[in-house]
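Undergrad: Please work out how this folds:
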Amino acid sequence: MPPDKSPSEGSLIVAALIVLGLVFAGHWIVSYVQNSNPWAITPWYGGAAALIIIIGLFTTLRRGGS
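TA: You can find the predicted model right below:
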């Protein structure tokens with residue numbers, strides 16, 4: 001990594017891409033399950049997304065990231 005760039009800049013880009021992927025996957029799930037109740041799986045999907053974010057934060061903080 002170039003010395004003039006902060007490591008947190010790369011982390012923010014990765015975080016933005018992960019959030020974009022989660023939003024896309026959620027939209028795809030809701031639009032794909034049209035004939036039944038797609039909102040029934042929303043809590044599971046939200047829980048999985050929250051778990052991914054919490055694990056990422058825990059890992060970053062444990063490694064001493066800023």
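
Undergrad: Residue 44 sits in which helix or strand?
TA: Using DSSP states H and E, residue 44 falls within helix 42-62.

Undergrad: what does residue 18 give?
TA: Using DSSP H and E, the element containing residue 18 is helix 7-32.

Undergrad: circling back: now the helix holding residue 44: average pLDDT?
TA: Regarding helix 42-62, the rounded mean pLDDT is 81.

Undergrad: ok, and for it, which residues are buried?
TA: Neighbour-count burial for helix 42-62 flags 45, 49 (criterion: 16 or more other Cβ atoms under 10 Å). All C-beta atoms are positioned from the backbone trio N, CA, C, and that covers glycine.

Undergrad: Now do the helix holding residue 18: distance to the chain's middle.
TA: Remark: helix 7-32 is offset 5 Å from the chain centroid, using Cα atoms, centre = their mean, to the nearest Å.

Undergrad: helices or strands up against that helix?
TA: Contact partners of helix 7-32 among helices and strands, from 3 or more Cβ pairs under 8 Å, 6 or more residues apart in numbering; DSSP states H and E: helix 42-62.

Undergrad: Skipping adjacent residues, who's closest to residue 49 in space?
TA: In space, residue 49 comes closest to residue 22 once its chain neighbours are excluded; the distance is 5.0 Å by Cβ to Cβ, 6 or more residues apart in numbering.

Undergrad: neighbours around that neighbour, how many?
TA: Around residue 22 there are 16 other residues, counting by other Cβ atoms under 10 Å.

Undergrad: how much space between it and residue 29?
TA: Counting by Cβ to Cβ, to the nearest Å, the gap from residue 22 to residue 29 is 11 Å.

Undergrad: And for residue 56?
TA: Residue 56 sits 21 Å away from residue 29, going by Cβ to Cβ.

Undergrad: picking up where we left off before, give me the mean pLDDT for the helix holding residue 18.
TA: The predicted model gives helix 7-32 an average pLDDT of 78.
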